[in-house]
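# missing the sequence, but the structure's below:
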Ligand SMILES: O=C(O)[C@H](O)[C@@H](O)[C@H](O)[C@H](O)COP(=O)(O)O
């Protein structure tokens, strides 16, 4: 399973360089496509990347932005990834992008799954995907031990799936492994030694134990201490 690892001097340099790289890939894709898609993670890692990327000089009006996964909480919750995106990515020049939601008001994701999925399906394959990873080797909301993990890792998985996992305090909704893996450009961003060791170990585990292994092939991993 071959991936490329880039080490950065610090997290700030990583954010600047990675934002430039993502913007460059979107710009190149826009040269020959009417519309392109950018999928990004939530969590605590990507905020500084969004702060740089939102200022990129490209035709954001032809970019569809979506999350790789969402926690099933209202948009005003501190835990909402949508909230993070609205505050730090869908601002500045990137405010012109179209946002494809992974959340709608409903008690459970199952109630609105088909509606959310129908907006995403026409935009596939994803042009550029940025993923985060947990030290438990989950990526997006593909958690080891999650109730529907096997189905979400399957080559014939639907595009979007609800997911509940022991390590996740609320239900999740996630793009499935095959959708993430089929992205034309794949990037994974991780900070710290614990995650780097986990990432390097992931290639030796099966995908059920290390879901991130399902998207590693051909990916670029961006790391800073
Ligand atoms: O909603 C989420 O939590 C994510 O999309 C998730 O997959 C995240 O990328 C990892 O859990 C890493 O999270 P941190 O960046 O907070 O360590």
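Everything's here; your move. Keep in mind the model is a prediction, meaning the values are calculated, not measured. Numbering: from 1, shown residues only.
# Do a quick rundown of the helices in the chain.
For the chain, applying DSSP state H gives helices covering 11-32, 47-53, 81-88, 113-120, 149-153, 177-181, 193-202.
# Check which helices and strands the first one is in contact with.
For helix 11-32, the helices and strands in contact under the criterion 3 or more CB pairs under 8 Å, 6 or more residues apart in numbering; DSSP states H and E are strand 36-40, helix 47-53, strand 128-131, strand 185-191, strand 220-224. C-beta here means a position set from N, CA and C on the backbone, and glycine is covered the same way.
# Show me the contact partners of the first one.
Right, strand 36-40. Strand 36-40 is contacted by residues 22, 26, 29-30, 46, 50, 62-68, 85, 89, 97, 100, 123-124, 126-130, 175, 180, 183 when judged by CB atoms under 8 Å, 6 or more residues apart in numbering.
# give the contact list for the closest residue to the ligand within the chain.
Nearest residue of the chain to the ligand: residue 132, at 2.2 Å (CB to the nearest ligand atom). When contacts are counted by CB under 8 Å, 6+ apart, residue 132 touches 41, 42, 43, 45, 46, 68, 139, 188, 189, 190.
# near the ligand too, which of those?
41, 42, 43, 45, 68, 139 (CB under 6 Å from any ligand atom).
# Report the contact partners of the last one.
Listed by CB under 8 Å, 6+ apart, the contact partners of residue 139 are 68, 131, 132, 133, 180, 188, 211, 212, 215.
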